[in-house]
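[1] below are the sequence and a predicted model for it; my questions follow.
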Amino acid sequence: MFLAHSAAATGYGLTAEETSAANAWLLPWLARGGAARWVVGNLVVALLYAGLGAIVGRFFGAYGLFPAPIWLPAGLACVAAMVGGPGLLPGIFLGSCLVNGWFFGTGPWLTLAISAGNTLGPWAGMVLTRAMRPATGLFTRFVGVLGFILGGVLLHAAVTAAVGTLALSLAGPMSAAQAYAVFSAWWLCDSGGTFFFAPALLLWLGAERRAAPTDRVPGLVDHLVLAGTVATVAALFAVPGAGLLVRPDAVFLLTVPLSWITLRISLRAAYTLLTAICITATVGTVMGEGPFQGHGVANPLQSVGLMTVLFAMDALTLIALTSEGREARARLAETRGTLARSMARTETLAREALTDPLTGAGNRRHFDHAGGAALYRARQRGEPFSMILFDLDHFKALNDRSGHEAGDAALRGVVRTCRAVLREAPLLFRMGGEEFAVLLPGVGLAEAAAVAERLRLAFRDMPWDDGETWLSASFGVAEAGLADRSLDALMRRTDAAVYAAKERGRNRVELAAPRQ
């Protein structure tokens, strides 16, 4: 009753990440809960567990290997616990009772004790694995792979082996050495069974994110490597006598194409291939075929188990570390992009803060900062420094007659003309209204006066928007002297020259008297 309530309340123990990553039909169906679905889910797990246990037991029993050296139902129990949490534990218990009591003919109380261990082990492993599971998925981080190995494989097998060994020791006298031997064999049996296909089943069911190192589509070479690996394994362990022509340690070279498939296709494809390799190698070795039946191999099935562990560790660790590296690079690229956008935005804001929005020339704030710095540098280098101020003539009349839009267009035209005449992008500023300033570092008074005259002539030839009135400006030019201790002092002298130009009839250039 408690388990049924737990299943309905927790959605079979699925976390939000697991449910969102789930297969399109199976896991959401379980996650919605309900008594009928809870019963069906547990019956399916029980029948699969019992059926797989009967097949494995019958196969190994036919070759005199009992108990089975590799217990595949342990992998199924691990997956059921990971997918369903506490909600599917009754199915594991019932399946274990069926296979132990009905198929193996174990006594009732011993069947119950072993089945309790076979249920408690996956649950303990699931708790530890989920505690270490990253939010991005079990097989996307090394800590997730480590959690699966420590919880789903090692702790799971240790609990089932400990409970089973304790039950057997209570059923009959057993020395410490015998108990250790039983525990070790049981532990290896369940560990191998979980390593065999639990990750592949989790990935195929959609219970875990299918981590892939790239978004590339597998090419012809990738599929040829996959097909070649399958053909090689079949030849080594299924063709009579063929495996004996190969050194046993050469089999471990299969980790190379397995790594290729892991990195180039997907972990699901690689682990599915790994499961097929391990099953083929186990069946072939039990039937007396394959390289592990050659001379010098004391325990062929132990070699198969070692191969299983090595290949599984290689695939899981490789995909986890590759996934971590790829996501770290993606985060770095995103951070760089964010930083670049922030810097661009900062530059834009800084430029807007120093730019006149109407004309694009520098504003008064920019004039104060850039002009002061340019004057300081000119003095440090002993170079001349000149300033041009000009004020448009009769600009108010234009605004009154043609409107502010015509005036704005005239101001923009002034800036375009200045840039066309000066060419070298000098320091050009709109000081306010129709008044502008040009700073000329390294330029003396005479040359600055020539520049101002060219600007005056260019303005004179530029018509207003109405096509009838012509633009003119009054210019003042001054060169910084030793007595001009600041940009403001130089500007006051230049401004006085502008007023002099206005007083003397406008549309002219006036020079400020040199000042030492």
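    Yep, it's here. Residues are numbered from 1 along each chain as shown.
[2] walk me through the domains of this structure.
    Domain ranges of the chain: 2-331, 364-511, per automatic domain parsing.
[3] ok, which of those domains comes nearest Glu347?
    Closest to Glu347 of these is domain 364-511 (Cβ to Cβ; 14.1 Å). In this view, the C-beta of every residue, glycine as well, is placed from N, C-alpha and C.
[4] hmm, back to that, compare the domains of the chain and say which comes out lowest on pLDDT.
    Ranked by mean pLDDT, the domains of the chain bottom out at domain 2-331, which scores a mean of 82.
[5] now do the SS call for Leu112.
    Leu112 falls in the helix class when you classify it by DSSP: H, G, I helix; E, B strand; the rest coil.
[6] of all the domains of the chain, which one is nearest Gly337?
    Gly337 lies closest to domain 2-331 among those, at 10.4 Å (Cβ to Cβ).
[7] got a list of what Met307 touches?
    251-252, 278, 281 (Cβ atoms under 8 Å, 6 or more residues apart in numbering).
[8] beyond the host helix or strand of it, next helix or strand please.
    Here Met307, judged by DSSP states H and E, is contained in helix 300-353. Downstream of helix 300-353, the next assigned helix or strand under DSSP H and E is helix 364-381.
[9] so which elements touch that next one?
    With contacts defined as 3 or more Cβ pairs under 8 Å, 6 or more residues apart in numbering; DSSP states H and E, the packing partners of helix 364-381 are strand 385-392, strand 427-432, strand 435-441, helix 487-503.
[10] look up how far Glu327 lies from Thr338.
    Separation of Thr338 from Glu327 (Cβ to Cβ, to the nearest Å): 16 Å.
[11] need the contact list for Val44.
    Gly91.
[12] SS state for it?
    Of the three states, Val44 takes helix according to three-state DSSP.
[13] ok, the residue nearest to Ile279 when sequence neighbours are not counted - contacts?
    Excluding its sequence neighbours, the residue lying closest to Ile279 (Cβ to Cβ, 6 or more residues apart in numbering) is Phe196, at 7.1 Å. Neighbouring residues of Phe196 by Cβ under 8 Å, 6+ apart: 70, 72, 75, 275, 278-279, 308.
[14] residues contacting Asp190?
    Applying Cβ under 8 Å, 6+ apart, the residues near Asp190 are 71, 74, 121, 156-157, 160-161.
[15] repeat that for Phe252.
    Counting by Cβ under 8 Å, 6+ apart, Phe252 makes contact with 307, 310.
[16] and it, how close does it get to Gly147?
    Applying Cβ to Cβ to Phe252 and Gly147 gives a distance of 26 Å.
[17] cool, Arg416 as well?
    67 Å.
[18] the closest residue to Ala370 other than its chain neighbours bridge partners, please.
    Using Cβ to Cβ, 6+ apart and skipping residues adjacent in sequence, the residue nearest Ala370 is Leu427, 5.8 Å away. Judged by DSSP bridges, the bridge partners of Leu427 are Leu439.
[19] and Leu427, how far is that from Leu201?
    Taking Cβ to Cβ, one finds Leu427 at 72 Å from Leu201.
[20] counting neighbours, go ahead and name the busier of the two.
    Neighbour totals were compared for Leu427 and Leu201, and Leu201 leads with 21 against 18 (other Cβ atoms under 10 Å).
[21] what sits closest to that one if chain neighbours are left out?
    Leaving out its chain neighbours, the residue that sits closest to Leu201 by Cβ to Cβ, 6+ apart is Val79, at 4.7 Å.
[22] how about that neighbour, what does it touch?
    Residues in contact with Val79 (Cβ under 8 Å, 6+ apart) are 198, 201-202, 205, 207.
[23] restricted to helices, list the residues you listed.
    198, 201-202, 205 (DSSP state H).
[24] Leu245: neighbouring residues, count only.
    The tally of other residues near Leu245 (other Cβ under 10 Å) stands at 11.
[25] which residues touch it?
    Going by Cβ under 8 Å, 6+ apart, the list of residues near Leu245 is empty.
[26] ok, it to Leu254 distance?
    16 Å.
[27] next one: Met491
    Going from Met491 to Leu254 by Cβ to Cβ gives 83 Å.
[28] check Pro357 too.
    From Pro357 to Leu254 the distance is 69 Å (Cβ to Cβ).
[29] of those two, give the one with the bigger neighbour count.
    When neighbours are counted by other Cβ under 10 Å, Pro357 and Leu254 differ, and Leu254 comes out ahead with 21 against 8.
[30] sorry, back to before: what about the contacts of Asp190, which are in helices?
    Judged by DSSP H, the contacts of Asp190 include 74, 121, 156-157, 160-161 as members of helices.
[31] save the residues you listed as TSV, and put in neighbour count and distance to Ala320 too.
    Output for the ones in helices among the contacts of Asp190, formatted as TSV (neighbours: other Cβ atoms under 10 Å; distance: Cβ to Cβ, whole Å):
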residue	neighbour count	distance to Ala320
Ala74	32	22
Gly121	28	24
His156	33	20
Ala157	27	21
Thr160	30	26
Ala161	22	27
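[32] just curious, which of those residues is nearest to Leu321?
    Lowest distance from Leu321 to the ones in helices among the contacts of Asp190 (Cβ to Cβ) belongs to His156, with 23.9 Å.
[33] not counting sequence-adjacent ones, nearest residue to that closest one?
    Among residues not flanking His156 along the chain, Gly125 sits closest, at 3.2 Å (Cβ to Cβ, 6+ apart).
[34] try Leu98
    Spatially, and ignoring its direct neighbours in sequence, Leu98 is nearest to Ala50 (3.8 Å; Cβ to Cβ, 6+ apart).
[35] secondary structure element holding the one you found?
    helix 35-62.
[36] show me how far that helix is from its chain's centre.
    The chain centre lies 39 Å from the centre of helix 35-62; the measure is Cα atoms, centre = their mean, to the nearest Å.
[37] residues of that helix that come out buried?
    For helix 35-62, a neighbour-count test (16 or more other Cβ atoms under 10 Å) marks 37-38, 41-42, 45-46, 48-54, 56-57, 60 as buried.
[38] next one: stretch 319-332
    Quick answer for stretch 319-332 (16+ other Cβ under 10 Å): 319-320, 322-324, 326.
[39] excluding sequence neighbours, find me the nearest residue to Thr232.
    Leu254 (7.1 Å).
[40] what's near enough to touch the residue positioned nearest the centre of the chain?
    Closest to where the C-alpha atoms of the chain average out (Cα atoms, centre = their mean) is Glu327, at 3.0 Å. By Cβ under 8 Å, 6+ apart, the residues touching Glu327 are 136, 140.
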